[in-house]
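Below: sequence and its predicted model.
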Amino acid sequence: MNYAGYGRPIGWGAVIKAVLSMLVECEREQLMEGKRVGLGELGLQLSSEGVDDPKDFKAKYITDVKVVWTSGPMLKDLKDEAKFREVMPRRDQAQLRKRVNHS
């Protein structure tokens, strides 16, 4: 991956860390304003009481944290694109492996 097309390689770890850092900053800002924060397909929702001065915001003002799995746009069409096939139950697979390994 190249940073902004300048030919400077950066690792995915740095990209992920940068995105998560920006996410935390944005979440904090929204929570300080008393807004509900949703993270799309991740399904995490936080609610908080608002404060007049952002410097006064503390974790104790978070009033609710929910983890809710909801399919976002990337996953809603998954069942239409996926190919399903029947597989042997895990117990039967284990028994078959034992028989094959002992042969």
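Yes, it's here. Numbers count the residues shown, from 1 in each chain.

Just give me the longest helix of this protein.
As far as residue count goes, and with DSSP state H defining each element, the longest helix of the chain is helix 12-32.

Following the chain onward from it, which element is next?
Beyond helix 12-32 in the direction of the C-terminus, DSSP states H and E gives the next helix or strand as strand 37-38.

partners of that following strand, with directions?
With DSSP bridges as the criterion, the sheet partners recorded for strand 37-38 are strand 44-48 (antiparallel).

quick one: average confidence on the partner strand?
Looking at strand 44-48 alone, the average pLDDT works out to 74.

CA atoms of the helix or strand just after that strand as PDB?
Next helix or strand after strand 44-48 toward the C-terminus (DSSP H and E): strand 62-67. Coordinates of the C-alpha atoms in strand 62-67 are reproduced here as PDB (Å, rounded to 0.1, in the frame of the first residue of the first chain):
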ATOM      1  CA  ILE A  62     -22.000   7.300  29.200                       C
ATOM      2  CA  THR A  63     -25.500   6.100  29.900                       C
ATOM      3  CA  ASP A  64     -25.800   3.000  27.700                       C
ATOM      4  CA  VAL A  65     -23.600   0.700  25.700                       C
ATOM      5  CA  LYS A  66     -25.100  -1.900  23.400                       C
ATOM      6  CA  VAL A  67     -23.600  -4.400  21.100                       C
END
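
Could you spell out the sheet neighbours of strand 62-67, each with its direction?
When DSSP bridges is applied, strand 62-67 pairs with strand 44-48 (antiparallel).

about what we covered before: from the contact counts, what lies against the longest helix of the chain?
Contact analysis of helix 12-32 by 3 or more CB pairs under 8 Å, 6 or more residues apart in numbering; DSSP states H and E lists strand 37-38, strand 44-48 as its packing neighbours. C-beta: built from backbone N, CA, C; applies to glycine.

buried stuff in that helix?
Neighbour-count burial for helix 12-32, with 16 or more other CB atoms under 10 Å as criterion, is recorded at E27, L31, M32.

now do stretch 96-103
In stretch 96-103, not a single residue counts as buried (criterion: 16+ other CB under 10 Å).
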